[in-house]
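Engineer: My questions are about this predicted structure, shown below with the sequence.
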Amino acid sequence: DPTTLEPVEYYCKLPPELPDAHVILVDPMLATGGSAISATDIIKREGGEDIQFVCLVAAPEGVETYGSAHPDVRIYTAAIDRQLNEKGYILPGLGDAGDRIFGT
């Protein structure tokens, strides 16, 4: 939610073999960490254990928050930028990844 910066689940379909799967959780950005934490919580609730998180750009705040919530999940990122702004955007960042990907 852009106002609260809290994640909102709107679709979830996981494979039945999740407990035995190697899970690579992918998100373009790790900003506040909220969405990644929520997604990882869901995967673990459904039996997933072998999880890795991959993103292009991360904020130090998101890395810290996610790492504290899920210390067993390794984070892979291409870059860790400077910080988050008051809207939860990564600075200098790349703008809104969803807008860039989908042209909105």
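Structural biologist: Structure's in. What do you need? Values in this document were obtained by computation on a predicted structure and should not be read as measured data.
Engineer: Next, residue 99: secondary structure please.
Structural biologist: Three-state assignment for residue 99 (DSSP: H, G, I helix; E, B strand; the rest coil): helix.
Engineer: Quickly note the distance from it to residue 22.
Structural biologist: Separation of residue 99 from residue 22 (Cβ to Cβ, to the nearest Å) stands at 31 Å. Using the backbone N, CA and C atoms, a C-beta is placed for each residue, glycine as well.
Engineer: and if you look at residue 89?
Structural biologist: Noted for residue 89: a distance of 31 Å to residue 22, by Cβ to Cβ.
Engineer: Also residue 80?
Structural biologist: 24 Å.
Engineer: between these two, which one's more packed in?
Structural biologist: Just comparing residue 80 and residue 22: by other Cβ atoms under 10 Å the higher neighbour count belongs to residue 80, 15 against 9.
Engineer: is it true that the more buried one touches residue 61?
Structural biologist: No - with contact defined as Cβ atoms under 8 Å, residue 80 does not reach residue 61; the gap is 10.3 Å.
Engineer: Thank you kindly, that will do.
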